[in-house]
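Trainee: structure for the following, please:
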Amino acid sequence: MKVLLLKDVYKLGHAGDVKKVADGYARNYLIPQRLATLATSTAIKQAETLRQNAAITRAKLNAELAGVAEKLNATSLTFPVKAGETGKLYGSVTPAQITEEIKKATGLELDRRTVGNQPLRELGEYKVPVRLTADLIAHVRVLIHREGEALKKAAAESPAEVEAKAPLEAEAMVESPAELAEAPADDAQAESEGA
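Mentor: Numbers count the residues shown, from 1 in each chain. All right, here's what the predicted structure looks like:
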């Protein structure tokens with residue numbers, strides 16, 4: 001079935017486009033939601049006017065949401081989760097959870113359907129897309145780490161900060177001679193208790 005899009009539809013087209021879609025998709029979703037109408041000869045004559053008006057509206061909306069996109073691009077979220085030895089999560093981090101954390105961090109209310117496209121199921125760092133408009137997509141940094149483990153800050157620090165801390169950490173790792181002498185005695189005592 002051919003339809004004329006009245007509004008921008010993600011992954012289908014912009015307002016004013018004539019698209020061929022499945023009959024059920026048109027009858028059950030596009031037409032009842034007033035996203036499209038049947039592509040009749042009179043509707044097609046109005047397509048160019050609709051396309052021009054939609055382009056102006058889209059440009060205004062993109063300009064308004066540019067600040068929101070910058071705010072989202074600067075947002076970093078962390079999720080402490082339970083995971084197996086291979087890095088697979090027991091469960092997943094869903095778009096709904098990410099949406100909730102974005103609301104806590106920035107105060108922005110987003111629809112969960114605009115955040116990401118699938119649940120995250122492994123440890124690591126991800127750039128999750130947030131679709132603000134059909135043309136404007138921001139990316140939120142999501143860091144998933146194992147629950148109970150210290151978050152590795154080296155990735156977030158600059159190389160100069162890491163070099164400045166390195167000598168201090170090396171000094172802290174060196175034990176005093178008294179501690180070194182006590183350590184073997186403790187190990188021997190632990191072995192005798194275990195037997």
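
Trainee: from here on, contacts and neighbour counts on C-alpha atoms
Mentor: Will do.

Trainee: Ala96 and Arg112 touch, don't they?
Mentor: Yes: with contact defined as CA atoms under 8 Å, Ala96 counts as touching Arg112 (5.2 Å).

Trainee: what is the longest helix seen in the chain packed up against?
Mentor: Identified as the longest helix of the chain according to DSSP state H is helix 47-73. Helix 47-73 is packed against strand 137-146, with contacts defined by 3 or more CA pairs under 8 Å, 6 or more residues apart in numbering; DSSP states H and E.

Trainee: what lines up beside the strand it packs on in the sheet?
Mentor: In the sheet, strand 137-146 lines up against strand 76-81 (parallel), strand 124-131 (antiparallel) (DSSP bridges).

Trainee: quick one: that strand to helix 47-73, angle?
Mentor: 40 degrees (axes from the mean of the first three to the mean of the last three CA atoms, to 10 degrees).

Trainee: enumerate residues external to strand 137-146 that contact any of its residues.
Mentor: Contact with strand 137-146 is made by 69-70, 72-83, 122-132, 151, as judged by CA atoms under 8 Å, 6 or more residues apart in numbering.

Trainee: check which residues of the longest helix of the chain are buried.
Mentor: For helix 47-73, a neighbour-count test (16 or more other CA atoms under 10 Å) marks Ala47, Leu50, Arg51, Ala54, Ala55, Arg58, Asn62, Ala69, Leu72, Asn73 as buried.

Trainee: so what's the most centrally placed residue in the chain up against?
Mentor: Closest residue to the average C-alpha location of the chain: Val128 at 2.4 Å, with CA atoms, centre = their mean. Val128 is in contact with Val115, Gly116, His139, Val140, Arg141, Val142, counting by CA under 8 Å, 6+ apart.

Trainee: and the fourth one, bridged to which residues?
Mentor: Judged by DSSP bridges, the bridge partners of Val140 are Val128.

Trainee: all good on my end, thank you.
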